[in-house]
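Student: return atomic coordinates for the entry below.
(one chain, ligands or ions: 1)
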Amino acid sequence: MGSFAGRHIIDTADLSTSEIMELVELANRIQAMPREDANQLATGKILATLFWEPSTRTRLSFESAMFRLGGNVLGFSEAANSSVSKGETLADTIQTVALYSDIIAMRHPFEGSALAASTFSRVPIINGGDGAHLHPTQTLGDTYTLLCEKGRLEGLQVGFLGDLLFGRTVHTFVRLLARFGVKMHFFAPEGLNIPQYVRDSLIDLGADFVEREWTTSCIDGLDVLYVTRLQKERFFSEEEYLRKKNSYIINREALANAKDDLLILHPLPRNEEISTDVDKLPNAGYFRQAEFGLKMRMAIIAATLGVEV
Ligand code: CP
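Tutor: So this is what the prediction gives:
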């Protein structure tokens, strides 16, 4: 894993396909270790979590991952709790926190912020989401989820349903899946289709994808349905959000034509787009997905710290 030591993780496009599989294998190796051994891997190391935007899964799973590796954590979960509220720049914040930590996981509302931060940091920067742009650790966790749940990527029929314009998890994930021979079906409410830059990347990668209007019959033949919420906070107006709200709902009735082993994923948080009556079905993989995300983040921390496992 030497190739990861000290590296920033800004975009999965920076990782080769073999490096992605190395991280998957590392996650498997760490999970196979006795917990007390895994708990020694990052002894004495410090993770900083700098979150300028709200988060439950990304921030807390990074922190849990570091604790489970035996390391320590510091950071802030909103800018108001840091000197950012006094006007400190991103550059100065990163240069300072890099003095206090061995690795920094960050989330910021501006696209490109993690890449900018990496130019000021002497420790690895891990992008935990930059605006509507990228979310590489979610994508690596989602890839790990598919491999653990389905045993393969190649040939899978994966549907993406929801706000594909602002959903950074989708923007990152589809460009990775394109490299692994996945057939993708995009279903978005009007005006929320995947951005042109993502479409162009998919075409450049020779991806197999179609964009279709959503009806519940579209579920027929899918191996995986990846649902996302409307990213209300990135909408231009409340009226626009209200017009599109509830334009797609996955409930038990909507699954009538689904394959028995359809896997339903969602990066969470959810609003109303997946009914809670689906949660008890074995097809509901979204909480297992959140746990796979934790396991992958343990691997990402260990790899970027250069820990031999
Ligand atoms: N999936 C995800 O990024 O969730 P949080 O916003 O809770 O971190």
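Student: got a list of what the closest residue to Ser217 other than its chain neighbours touches?
Tutor: The shortest distance from Ser217 to any residue that is not its chain neighbour, by C-beta to C-beta, 6 or more residues apart in numbering, is 5.9 Å, and that residue is Asn257. Glycine gets a C-beta too; all of them are placed from N, C-alpha and C. Asn257 makes contact with 216-217, 219-220, according to C-beta atoms under 8 Å, 6 or more residues apart in numbering.
Student: and if you look at Leu294?
Tutor: Contacts of Leu294 by C-beta under 8 Å, 6+ apart are 61, 64-65, 68, 141.
Student: pull the most distant pair out of the residues you listed.
Tutor: Set against one another by C-beta to C-beta, the contacts of Leu294 have their most distant pair in Arg68 and Gly141, with a gap of 14.8 Å.
Student: who has more neighbours out of those two?
Tutor: Neighbour count, other C-beta atoms under 10 Å: between Arg68 and Gly141, Gly141 has more, with 28 against 19.
Student: now the more buried one: which helix or strand?
Tutor: Taking DSSP states H and E as the criterion, Gly141 maps to helix 136-150.
Student: from the contact counts, what lies against that helix?
Tutor: Taking 3 or more C-beta pairs under 8 Å, 6 or more residues apart in numbering; DSSP states H and E as the contact definition, the neighbouring helices and strands of helix 136-150 are helix 17-32, helix 57-68, strand 125-130, helix 168-177, strand 224-227, strand 263-265, helix 286-305.
Student: what packs against the first one?
Tutor: Applying 3+ C-beta pairs under 8 Å, 6+ apart, we find helix 17-32 packed against helix 136-150, helix 286-305.
Student: can you list the low-confidence ranges for the stretch 1-150 of the chain?
Tutor: Using pLDDT under 70 as the threshold, the predicted model of the stretch 1-150 of the chain has low-confidence ranges 1-2.
Student: show me what contacts Gly112?
Tutor: Taking C-beta under 8 Å, 6+ apart, we find Gly112 in contact with 130-131, 133.
Student: now the nearest residue to Asp220 once chain neighbours are set aside: how far from Cys218?
Tutor: What sits nearest to Asp220 in space, not counting adjacent residues and going by C-beta to C-beta, 6+ apart, is Asn257, at 4.4 Å. Remark: distance between Asn257 and Cys218 (C-beta to C-beta, to the nearest Å) = 9 Å.
Student: now swap in Arg29 and tell me
Tutor: In this view, Arg29 and Cys218 are 38 Å apart by C-beta to C-beta.
Student: tell me the angle of the helix holding Gly141 relative to helix 57-68?
Tutor: Between the axis of helix 136-150 and that of helix 57-68 there is an angle of 80 degrees, by axes from the mean of the first three to the mean of the last three C-alpha atoms, to 10 degrees.
Student: next secondary structure after helix 136-150?
Tutor: Scanning forward in sequence from helix 136-150 by DSSP H and E, the next helix or strand is strand 157-161.
Student: contact partners of that following strand?
Tutor: By C-beta under 8 Å, 6+ apart, the residues outside strand 157-161 that reach it are 170, 174, 177, 182-188, 214, 218-219, 221-228, 248, 250, 273.
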